[in-house]
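> just to be clear, the model below is a prediction. Sequence and coordinates:
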2 protein chains.
Amino acid sequence: MQNVDYIIRADYLLTMEGDLSVIKDGAVAVTGSDIIDAGIFADISKKYTSQKLLSGKNKVVFPGLINTHTHAAMVYFRGLADDLPLMEWLQNHIWPAEGKWMNEDFVNDAVELACLEMLKAGVTTYTDMYFFQDTAGKKLEKLGMRGVLGAGVIDFAFTGYAKSVDDYFINAENLITAWKASEFVFPCIAPHATYTCGTDNYKRANALSEKYKVPIHTHLAETQFEVAECQRRYGKTPVEYLENIGLLSERLSAAHCVWLTDKEIELLAMKKVGVAHCIESNLKLASGFAPVAKMLKEGVKVAFGTDGAASNNDLSILGEMSTAAKVHKAVSGDPTVLDSKTALLMATRNGAEILGLGDKIGSIKPGKKADLIIANLEQPHLMPLYDIYSHITYCLRPSDIETVMVNGKIVVENGKPSTMDEAEIMDKARIWQEKIKSS
Amino acid sequence: MQNVDYIIRADYLLTMEGDLSVIKDGAVAVTGSDIIDAGIFADISKKYTSQKLLSGKNKVVFPGLINTHTHAAMVYFRGLADDLPLMEWLQNHIWPAEGKWMNEDFVNDAVELACLEMLKAGVTTYTDMYFFQDTAGKKLEKLGMRGVLGAGVIDFAFTGYAKSVDDYFINAENLITAWKASEFVFPCIAPHATYTCGTDNYKRANALSEKYKVPIHTHLAETQFEVAECQRRYGKTPVEYLENIGLLSERLSAAHCVWLTDKEIELLAMKKVGVAHCIESNLKLASGFAPVAKMLKEGVKVAFGTDGAASNNDLSILGEMSTAAKVHKAVSGDPTVLDSKTALLMATRNGAEILGLGDKIGSIKPGKKADLIIANLEQPHLMPLYDIYSHITYCLRPSDIETVMVNGKIVVENGKPSTMDEAEIMDKARIWQEKIKSS
C-alpha cells in the first residue's frame, strides 16, 4: 500500500481520457502536485492509503476548467457599458476607461477579483491578454492558480506600461525569462489584433515566441469590421494575412475566429492553430456565430474562452459550455452537434492542448498535475440524474462547485476560497468602482 | 403612521413601473397579500411602521419572475435524452416515457420538484401545459406559488387521464370551476399544437376559454416541421390557420413562435396574442431563432418561458433572460436590441400581462400582490456594480437569490424553501429516477 496525500472519491469520475466513459464510484490518488492514479474506488483503495479522504455521496469529480481567452483585469469594467456595438464599446467606453485607470495597481487588484470569480466557478487555468502580466504572475503564484499570461502588443505607446513600442517586447521578454520555471505562470506573447498591430510587430512577436518556445495569442476574425479593415490594408482576410506573414503554427491560439471561410477552417486545422471560442462575448457584441460545428468536424482544436467580463459579463466556463452547446445546434440546424461530452472535452483537454499544456493538465491522468473539481449534485436543479455529462453541460452552476484543487492544493473548499480573502477583494472592488464611476 | 406586515428595504429597488428608473435605497410596504406602497426608504419610513423589517446592504428587490411556458412535471425527464431532433426526442424518448410513467402520482411528486427549483430561482408564477392539473393546483395552494395551469388537449385518448377526447374537456371544465376563486391557481385550457390537435378540438377549447374568460395556451410555429405539416393538412401556416379558426385573441398565449413571417408578426400584434419565448429550448432542439427583436418592435408582447426541463435543461428564467439578451443581438446583427431593461421587463410585467394577470402581479405597485425577490449583490461575480439592470440580466445567478415572497408570504428565506422539505423532494426524485432508468 502506497501512502498518498489525498484520495478523492466520488459517485462519478470523469477523467476526460480514453473513450470518456463515466467511472462510477471512482477515485483519484494525489501526491504533491501530481495525480498518481485514477480509477474505480475499489481498485484505488487496494493500492493506496491516505490521511485525507475527500468523499461524499452525490458528488462528481472532473478536471479543472480552462478559460482560453480573457482579459482578467477588465473585470473592473464589468457592466460599465452594455448593449453597444464592439467598436463603439471599445472606442468610447472601454479604451477611455483603460486609458484613465489601467496601471499596475489596477491590474494587481482586479486580477485577484477575476481569479476569485474563476476559481469559485471551477476555472483552474486561464489565458490572458493584457498588460502588467508580471504583477498578475505574482498574484497567481500567491493564490495557486495557473495562467498563460500574454504580454499585450499594440502599435502605439501606452503611458505607464510602454513608452515606446519596443517596450512591449522588452516587457514580454522579461516576463518570459522571469517565469520560465513556474508551475503556475506560463508566459506568452499576445499581439492584439490585425487592426491594432502591424506586420512588423506581429513578426517580432512571433520571433520571440519561436525563440523561447512560448505560446502566442491573438484576436482573429472577430468581426466583419476586422475582416473588411484587413482586406483594405493588406488585400487579405485576417487568416490569409497571418498565414502570409508566417504566424499560423501550433504555438498560436486565436480568440474568436467568427468570420472564417471553409478554406480558412481547413488552413487552421492543417496548421494546428488552436481556437478560443468566446460564444457569449460574440453574441453580446453581435459579432456573429463562429462556425464551431464545422471547425470541430474539420479537426480544428476548439476550446472555450469567456473574453473579458466587460463583454460577457462573467468569467464562467460552465456558462460558455451551456450557451455554446445550445446555440450551435440552432445555428447549424442540427441538434446533435456539440453534444454534452464534446462541450466538457473542449472545456478541459482541448483547452490544455491549445495552450501547449496538454502534457500537464486538462485531464485526470497519472503523471498530470492535480487540477480538479468536486461538484455537489445534491441540488433540485440537478434532479433526477440520467446522464452526468448532460448535467455538467446543461445544468451545473458555479454554486454547485464545492472543492477546487490546483497543483494538488485545495484552493476552494465548501465553495469558499482558501488562499484569498473574499471580503477584502470585494471591498477593494467597491473602492475602484467609486473611482471609475466618478470619472 | 400605518402599521404594515413587512417593510422591505434595499439599496436598489426596481418596481418595473413608470420609466423603469432605479430607486436607490428603496423600500416596499406589504400587508397581508398586498403591496401597500413602494418608493424611497426615507418616504416609506415616514408613513409606515412594521415589526418585520427585511433589510441589508448590497441587496436588490425586484418583482418575482414569470415563466410563461413550461411542462413542470417533465422535470422528472431532465437529461433523459439530449442532443436529438425535436420529433425524434418526442416520439422515441419523451412520449414513450410519458406513456409509461405519467400518472397522478408522478405529477404530484414531479411538480413539487419543479416548484422548488423555480422558487429558489425567483420564479413566482408559471404557466403550465400538462395533465392532472388539479393535482398540481393542490400542490401550489399548499406551498404558496402561483400557476396558470393549462389542462392539455390532444386528439387521442390518454389512459389514466382521458379515456376519450371528451374527457380532456371535462377535466378542463372541472379544473376551471374548481379553481376560479384561488389566489394561486389560475385555470387555463391548453390545446397542444396544430399537429396534435384538430380544428374541432381547438374550437372547443376556445369556446371553453371564452365561456369562462380563462386563458388559452398552445404551442405555435415552433419548428419547420410543424409549419410544413400545417401547410400539408390545411394549406395554411400555423398562425394563418389559428387566425382562420378564430383562435387569435388577447386570451391566447402562444409558446415558441419561431417561424413567423412579417405579416404574421403584425397579425399577432394586432390580435394582442402573447408570446412565450423559449430561447434555450429552441436552441437546444435546433428549432431556430424566434424573431424577438422584430416582434418587440411591432408591439407584440413577448415574455420568457423555460419550456420543460427535459428540453432546456433547467427552469431558470434568469438563464433565459441572459441567453435571449445575448443571442438576439447576434441574430439581428445589432448589439442594442433586447437590452437589459427590456429583458427584465419581459420576465416580469410582460409575463403577467400575457397571462391576463397584469392587474395582479408583474410589478411592484400599490394594490398589486406582493410577489417579489430579494437578491444578494455581495458576490465576486457581481463586482463592481455600475448598472443594476445589466447585472440582473447578464450576471445574476439563482444562487444569489436570498428571499422570495409570494402573495405576501416568504417562501424562500436565505436561499432555503420555507414551505417545502427539500431533502424529501430530492429523495422522491431519486426513487422515480431509478424506476424510470430501469424501464
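Okay, I see it.

> hey, let's count contacts and neighbours off CA atoms from now on
OK.

> residue contacts, A:Ile36?
Counting by C-alpha atoms under 8 Å, 6 or more residues apart in numbering or on different chains, A:Ile36 touches A:28-30, A:365-367.

> one more time with 7 Å
Residues in contact with A:Ile36 (C-alpha atoms under 7 Å, 6 or more residues apart in numbering or on different chains) are A:29-30, A:366-367.

> in TSV: these, plus secondary structure and distance to B:Phe106.
Below are those laid out as TSV (DSSP: H, G, I helix; E, B strand; the rest coil; distance: C-alpha to C-alpha, whole Å):
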residue	secondary structure	distance to B:Phe106
A:Ala29	strand	41
A:Val30	strand	43
A:Pro366	coil	45
A:Gly367	coil	48
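
> filter those residues down to the buried ones, ChimeraX style.
Buried subset of these, written as a ChimeraX selection, criterion 16 or more other C-alpha atoms under 10 Å in any protein chain shown:
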select /A:29,30
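
> farthest pair in the contacts of A:Ile36?
Greatest spacing in these, by C-alpha to C-alpha: A:Ala29 and A:Gly367 (11.0 Å).

> find residues that contact each of the two.
Residues touching both A:Ala29 and A:Gly367 (C-alpha under 7 Å, 6+ apart) are A:35-36.

> show me where the stretch 1-150 of chain A has helices.
Counting by DSSP state H, counting those that start in this stretch, the stretch 1-150 of chain A has these helices, from start to end: A:41-47, A:86-88, A:95-101, A:104-120, A:133-143.

> all strands for the stretch 151-300 of chain A, in order.
All strands of the stretch 151-300 of chain A, identified by DSSP state E, counting those that start in this stretch, fall at A:185-191, A:216-220, A:252-256, A:274-277.

> and these: which comes nearest A:Gly147?
strand A:185-191 (5.2 Å).

> adjacent strands (with direction) for the single longest strand found in chain A?
When chain A is parsed with DSSP state E, its longest strand is strand A:2-13. According to DSSP bridges, strand A:2-13 has the following sheet partners: strand A:23-31 (antiparallel), strand A:48-54 (parallel), strand A:59-63 (parallel).

> got TSV for these, with distance to A:Ala324 too?
Shown next, in TSV, are those (distance: least, C-alpha to C-alpha, whole Å):
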stretch	distance to A:Ala324
strand A:23-31	26
strand A:48-54	32
strand A:59-63	19
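
> any idea which of those is most buried?
Burial of these is given as mean neighbour count (mean count of other C-alpha atoms under 10 Å in any protein chain shown); strand A:59-63 ranks first at a mean of 25.

> show me the contact partners of it.
Strand A:59-63 has contacts (C-alpha under 7 Å, 6+ apart) with A:10-15, A:348, A:362-364, A:371-377.

> mind doing that once more with 6 Å?
By C-alpha atoms under 6 Å, 6 or more residues apart in numbering or on different chains, the residues outside strand A:59-63 that reach it are A:10-14, A:363, A:372-377.

> then stretch A:180-200?
Stretch A:180-200 has contacts (C-alpha under 6 Å, 6+ apart) with A:129, A:137, A:146-155, A:176, A:214-219.

> burial measure for the residue lying closest to A:Leu242 once chain neighbours are set aside, as a count.
Excluding its sequence neighbours, the residue lying closest to A:Leu242 (C-alpha to C-alpha, 6 or more residues apart in numbering or on different chains) is A:Leu248, at 6.3 Å. Neighbourhood size, A:Leu248 [other C-alpha atoms under 10 Å in any protein chain shown]: 24.

> list the contacts for the closest residue to chain B within the stretch 151-300 of chain A?
Here the stretch 151-300 of chain A gets closest to chain B at one residue, A:Ala286, 3.9 Å apart by C-alpha to the nearest C-alpha. The neighbourhood of A:Ala286, defined by C-alpha under 6 Å, 6+ apart, consists of B:329-330, B:333-335.

> residues of the stretch 251-400 of chain A that sit close to chain B?
Residues of the stretch 251-400 of chain A lying close to chain B (C-alpha under 6 Å from any C-alpha of the partner chain) are A:283-286, A:288, A:313, A:326-327, A:329-330, A:333-336, A:339, A:380-381, A:384, A:386, A:394.

> return the subset of these lying in helices.
Counting by DSSP state H, those place A:283-284, A:326-327, A:329-330, A:394 in helices.

> from chain B, how far out is A:Val404?
16 Å (C-alpha to the nearest C-alpha, to the nearest Å).

> for that residue, phi and psi?
Here is the backbone geometry of A:Val404 (degrees, to the nearest 10): phi -130, psi 130.

> what's opposite it in the beta bridge?
Beta-bridge partners of A:Val404, counted by DSSP bridges, are A:Ile373, A:Val412.

> can you count the residues close to it?
32.

> spatially, what comes nearest to the residue of the stretch 301-439 of chain A found nearest chain B if we skip its sequence neighbours?
Shortest the stretch 301-439 of chain A-to-chain B distance, computed as C-alpha to the nearest C-alpha: residue-wise this is A:Ala330, at 4.0 Å. Residue nearest to A:Ala330 in three dimensions, not counting chain neighbours: B:Ala286, with 4.0 Å by C-alpha to C-alpha, 6+ apart.

> quick check: pLDDT value at that neighbour.
B:Ala286 is assigned 95 on the pLDDT scale.

> also A:Met87?
80.

> now A:Arg430: closest residue in space that isn't a chain neighbour?
Using C-alpha to C-alpha, 6+ apart and skipping the chain neighbours, the partner closest in space to A:Arg430 is B:Pro384 (6.0 Å).

> and the pLDDT at that neighbour?
At B:Pro384, the model reports a pLDDT of 98.

> quick check: A:Asp34 touching A:Lys369?
Yes: contact status for A:Asp34 versus A:Lys369: in contact at 4.5 Å, counting by C-alpha atoms under 6 Å.

> tell me which of the two has more neighbours.
A:Lys369 (25 against 21).

> what sits against the more buried one?
A:Lys369 neighbours (C-alpha under 6 Å, 6+ apart): A:33-35, A:360-361, A:407.

> neighbour-wise, give me the winner out of these.
Within these, most neighbours by other C-alpha under 10 Å means A:Ile361, with 28 neighbours.

> phi, psi of that residue?
Taking degrees, to the nearest 10, you get phi -140, psi -180 for the backbone angles of A:Ile361.

> distance of it from A:Ala370?
A:Ile361 is 8 Å from A:Ala370, where distance means C-alpha to C-alpha, to the nearest Å.

> so what touches the host helix or strand of A:His391?
Per DSSP states H and E, A:His391 falls inside helix A:388-394. Identification of contacts with helix A:388-394 by C-alpha under 6 Å, 6+ apart yields A:321-322, A:340-341, B:313.

> of all the residues you listed, which two lie farthest apart?
For the contacts of helix A:388-394, the farthest-apart pair by C-alpha to C-alpha is A:Lys341 and B:Asn313; their separation is 15.3 Å.

> so between those two, which is more surrounded?
Between A:Lys341 and B:Asn313, B:Asn313 has the larger neighbour count (other C-alpha under 10 Å), namely 27 against 18.

> closest one to chain B among the helices of the stretch 1-150 of chain A?
Closest of the helices of the stretch 1-150 of chain A to chain B is helix A:104-120, at 5.6 Å (criterion: C-alpha to the nearest C-alpha).
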